[in-house]
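1. Structure of the sequence below:
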Amino acid sequence: MSLFPDLSCPKVSLSNGLQIPILGLGTSYHGGYSHEAIVYALTDCGMRHIDTAKRYGCEENLGKAIKESGLPRSDVWITNKLWHADYGYKSAKAACLKSCSLMGVQYFGAY
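-> Numbers count the residues shown, from 1 in each chain. You can find the predicted model right below:
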């Protein structure tokens, strides 16, 4: 049972009609990655926006945590960031597809 059963994060509408939760859980490499914290945030705290980057080195583990949460992929907004070494159309596309593959997802909400 969730400690916060009525917790829902407000969303903001983007110009294309998509809605993004205004609060996102960052997975910065500065503090280290905590699998348990990600799963807990998704399952017990109502978190539905994950912010990550290739640079953080946790894409594969983050994908496992999202899957472990049991949430449908469509319920979790994932923001990922392009590393500067991957600038350029072909490089950016390849990096995005590799990040999706590492996370086991078909798409990101924002990249």
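2. any idea which helix or strand comes after the helix or strand of the chain with the lowest mean pLDDT?
-> Every helix and strand of the chain was ranked by mean pLDDT, DSSP states H and E. The lowest is strand 25-26, at a mean of 79. Per DSSP states H and E, the first helix or strand lying C-terminal to strand 25-26 is helix 35-44.
3. about what we covered before: output the contacting helices and strands for the least confident helix or strand of the chain.
-> Judged by 3 or more Cβ pairs under 8 Å, 6 or more residues apart in numbering; DSSP states H and E, the packing partners of strand 25-26 are strand 49-51. Where you see a C-beta, it was placed from the backbone N, CA and C, and this is true even at glycine.
4. Please name the strands paired to the least confident helix or strand of the chain in the sheet, noting orientation.
-> Applying DSSP bridges, strand 25-26 is found paired with strand 49-51 (parallel).
5. contacting residues for residue 74?
-> Contact analysis of residue 74 by Cβ atoms under 8 Å, 6 or more residues apart in numbering lists nothing.
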